[in-house]
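>>> Pasted the sequence and its predicted model underneath.
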Amino acid sequence: MQPEAAEAEGRDNPKSEEIRVKECMIHFKLMRGTESKMLRALTYLPKDKQPEIADFIRIFEEMGYPVQLENEHELIFDSVVAGEPFKLDITKIEMSGEKKEEADVDGELRAILEHLIRR
């Protein structure tokens, strides 16, 4: 087969390769003193990967919230910056291409935690 034919069929053409990623929307509560507000973060993950604690920390740092994990079971993070105390509490995780179970938010979190604990 000649190179032109291979390109026409999409072989050996990096532009035609499908990028296999999915959206991951993280809903979380920012708590500072007596105030709190609900926020969201959007990231992209490989289709075969679930979000991990390191992903959450990276996403929050990119948003300007440097944190460390405080409670793995509840997915609560604490600020690492002295003088700026705040906490982030993940309340919901939505993955594109997966069935939505609107009433079972805790089930989604439980599934992610089970994935993390298996290591």
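Cool, got the structure. Note that this is a predicted model, so its numbers are computed, not measured.

>>> what's the neighbour count on the closest residue to residue 90 other than its chain neighbours?
In this structure, residue 90 finds its nearest non-sequential neighbour in residue 75, 4.0 Å apart by CB to CB, 6 or more residues apart in numbering. C-betas here are computed from N, CA, C, even on glycine. By other CB atoms under 10 Å, the residues close to residue 75 number 21.

>>> Can you give me every residue that contacts residue 75?
Listed by CB atoms under 8 Å, 6 or more residues apart in numbering, the contact set of residue 75 reads 56, 89-90, 109, 113.

>>> Now for the residues you listed, which sits with the most neighbours around it?
residue 56 leads the contacts of residue 75 on contacts (other CB under 10 Å) with 23 neighbours.

>>> Can you tell me the SS state at it?
Under the three-state scheme (DSSP: H, G, I helix; E, B strand; the rest coil), residue 56 adopts helix.

>>> For the remainder of this discussion, apply numbering that starts at 39.
Let's use 39 as the start, then, which means that last one is residue 94.

>>> which stretch of helix or strand covers residue 76?
strand 73-84 (DSSP states H and E).

>>> Show me the two of the contacts of residue 113 that sit farthest apart.
Farthest pair in the contacts of residue 113 (CB to CB) is 127 and 151. Separation: 14.3 Å.

>>> wait, doesn't residue 90 sit right on residue 151?
No - between residue 90 and residue 151 there is no contact under CB atoms under 8 Å: 10.6 Å.
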